[in-house]
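Engineer: Show me the folded form of this:
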Amino acid sequence: MKGASGGRSGLWLVAAAVLAIGAWAFWSTTRSDGTGGGVAGSSSSSGAAAGAAPSSASSSAAPKATNAAAPGSPEFIRKVLDDYRAAAAYPPWSRIHDDGTRYKIEWNKPVVSELPFSDKVGAETTYHFAADRAHVMFGETLTSWIEVWEKGDPNKRLPVNIVTVWVMLTGGAKPGRSVQLEYKDVAGDRRYVNKFVPSAFAELKEPTQVRIEAEVEVDGVKKLLVRDFTYAPRQVLTIVGITDAIADGSVVVNLEVDVRDAGLYTFEANVFDATGATAIAYADVNQSLAVGKVVVPLKFFGKAFHDVGADGPYLVKDFRGFLRPSPSANAANIWWSDPRSHTTKPYKRSELSAAEWDSEEKRTKIKALEALASASPSAGPAPSASQPKEIHIDENGVAHEVP
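Structural biologist: Next up, the predicted model:
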């Protein structure tokens, strides 16, 4: 016979499953590029991640006060269950593209934010510390630039005194200054530009967290500007062949890769319609690889092609990923990418499955939520007919009962 404490322990174990499900739903719609959510393309005061997906919430919506279900109540758990069922129509490794997955398409397009430089009354200025990419592959050039202008008129750039600029190691065994950079106004337009190849410098031979720190002065105002980026000190793998097939009702793109560094890799790509104008879905996979040639499958879930309404051939591109450091290593991910595109055979979506994702993992989580809803104590008696179900506050602050 179970004691009361044993029953409560079981309930808490199921509650932990709810938290795990919430985390799964969150990470299935947010960054999975290994940058930690805001490293690439950020600035010292922007806080914006490169390619970050915009929020779908409307800021103009009127505030509401509702009789929300209490956390832990059966109503609350059922809401979590409904949300999970909706999210789990797709697997976490391949989901349909929408506004929330835009960063998967713009994966190497950093945010160029307009930020305040000086707030002197009557002499306010704005600046860019921008770069042409967030992730610099082996052998690639990072182009970055600094410009300051009179607030409200980007054409009125101001002369900038570049005091000093360094590539700073923020991780690894020896954090601190590594490579000194020089920014020049080559075009005479008061845009100060630098180009450098990170992998060409011995100081950057090991993968670690880095950023560019620039100390600049404009009209007597000094400011430290920061530009984050990632870099690959070596080529860890190359794609040597691409084929495609249908398997389990989905489109599978097989990448033949030549692995130079053994370890745990992430692979990602996007699939579009034949024109390349309509994004359909993304796919990603993590796989431990040994040195040598191996085939890595990327599976694009069949339901996405039905939901978008697109027949093949399909255009697959944005092949990229990274080698993860070992848990014991004080290092960063090493990125790789391949610029080519692959056109699949002319599949019809009727050849693909329109079914929702199903797995033992999904069924187990749903069962756990259902058990938790049944085991949770009631949130209390239902509201009487005299009680409003919802109170809506309009833009004038007037409360209205919503039946």
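Engineer: Quick one: end-to-end distance for stretch 287-297.
Structural biologist: The straight-line separation of the ends of stretch 287-297 (Cα to Cα, to the nearest Å) is 10 Å.
Engineer: and if you look at stretch 289-303?
Structural biologist: 29 Å.
Engineer: go on, stretch 178-188?
Structural biologist: End residues of stretch 178-188 are separated by 29 Å (Cα to Cα).
Engineer: So which bits of it are buried?
Structural biologist: For stretch 178-188, the neighbour count (16 or more other Cβ atoms under 10 Å) marks S178, V179, L181, Y183, D185 as buried. Where C-beta positions appear, they are placed from N, C-alpha and C, glycine not excepted.
Engineer: mind listing what the first one touches?
Structural biologist: It stands for S178. W166, V167, M168, L169, F201, E203, L204, V210 (Cβ atoms under 8 Å, 6 or more residues apart in numbering).
Engineer: For the helix or strand containing it, what is the distance to the chain centroid?
Structural biologist: S178 belongs to strand 176-180 when assigned by DSSP states H and E. Relative to the centre of its chain, strand 176-180 is centred 28 Å away, using Cα atoms, centre = their mean, to the nearest Å.
Engineer: how about the helices of the stretch 301-403 of the chain, start to end?
Structural biologist: In the stretch 301-403 of the chain, the helices defined using DSSP state H, counting those that start in this stretch lie at 302-308, 360-375.
Engineer: Low-confidence regions, this protein specifically.
Structural biologist: Scanning the chain for pLDDT under 70 picks out the ranges 1-69, 72, 328, 376-403.
Engineer: these two touch, right, S326 and G263?
Structural biologist: Yes - using Cβ atoms under 8 Å, S326 is in contact with G263, at 7.0 Å.
Engineer: coming back round to it: distance to K345 added to the buried residues of stretch 178-188, as TSV?
Structural biologist: Output for those, formatted as TSV (distance: Cβ to Cβ, whole Å):
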residue	distance to K345
S178	48
V179	47
L181	48
Y183	49
D185	52
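Engineer: from those residues, which two are the most distant?
Structural biologist: S178 and D185 (24.7 Å; Cβ to Cβ).
Engineer: Let me see the contact set for S94.
Structural biologist: S250, A281, Y282, A283, D284, K299, F300, F301, A304.
Engineer: Give the bridge partners for it, please.
Structural biologist: A283 (DSSP bridges).
Engineer: same check, this time on W149
Structural biologist: Applying DSSP bridges, one finds that W149 bridges with T126, R157.
Engineer: Run through the residues that contact it.
Structural biologist: T125, T126, Y127, N155, K156, R157, L158.
Engineer: Make a PyMOL selection of the buried ones in those.
Structural biologist: Here is the PyMOL selection string for the buried members of the contacts of W149, based on 16+ other Cβ under 10 Å:
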select buried, resi 125+126+127+157+158
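Engineer: Could you work out the most separated pair of the contacts of W149?
Structural biologist: Y127 and N155 (14.5 Å).
Engineer: so where do the strands sit in the stretch 151-300 of the chain?
Structural biologist: When secondary structure is read from DSSP state E, counting those that start in this stretch, the stretch 151-300 of the chain shows strands at 161-169, 176-180, 192-196, 210-218, 221-231, 237-247, 250-259, 263-272, 279-289, 292-300.
Engineer: how about a markdown table for those, with distance to H97 added?
Structural biologist: What follows is the strands of the stretch 151-300 of the chain, written out as a markdown table (distance: least, Cβ to Cβ, whole Å):
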| stretch | distance to H97 |
| --- | --- |
| strand 161-169 | 35 |
| strand 176-180 | 38 |
| strand 192-196 | 33 |
| strand 210-218 | 30 |
| strand 221-231 | 24 |
| strand 237-247 | 19 |
| strand 250-259 | 14 |
| strand 263-272 | 7 |
| strand 279-289 | 4 |
| strand 292-300 | 11 |
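Engineer: out of the ones you listed, nearest to F319?
Structural biologist: Shortest distance between F319 and the strands of the stretch 151-300 of the chain, using Cβ to Cβ, is found for strand 263-272: 5.0 Å.
Engineer: For that closest one, list every residue counted as buried.
Structural biologist: In strand 263-272, counting by 16+ other Cβ under 10 Å, buried: G263, Y265, T266, F267, E268, A269, N270, V271, F272.
Engineer: these two touch, right, V257 and I242?
Structural biologist: No - using Cβ under 8 Å, V257 makes no contact with I242, being 9.9 Å away.
Engineer: Which one's more surrounded, those two?
Structural biologist: Per other Cβ atoms under 10 Å, whichever of V257 and I242 has more neighbours is V257, with 26 against 20.
Engineer: Kindly provide the distance from the closest residue to A279 other than its chain neighbours to I77.
Structural biologist: In space, and not counting its chain neighbours, A279 is closest to H97: 4.0 Å by Cβ to Cβ, 6 or more residues apart in numbering. H97 sits 30 Å away from I77, going by Cβ to Cβ, to the nearest Å.
Engineer: Compare neighbour counts for those two and give me the winner.
Structural biologist: Taking other Cβ under 10 Å, H97 and I77 do not tie; I77 has more neighbours (24 against 19).
Engineer: Walk me through the domains of this protein.
Structural biologist: 1-30+70-105+360-403, 115-231, 237-351 (automatic domain parsing).
Engineer: Span of stretch 95-110 from start to end?
Structural biologist: One end of stretch 95-110 sits 23 Å from the other (Cα to Cα).
Engineer: now swap in stretch 182-202 and tell me
Structural biologist: Using Cα to Cα, one end of stretch 182-202 lies 18 Å from the other.
Engineer: Let me know the distance separating the spatially closest residue to N330 that is not a sequence neighbour from A200.
Structural biologist: Nearest residue to N330 in three dimensions, chain neighbours excluded: G172, at 6.0 Å (Cβ to Cβ, 6+ apart). Distance from G172 to A200, counting by Cβ to Cβ: 18 Å.
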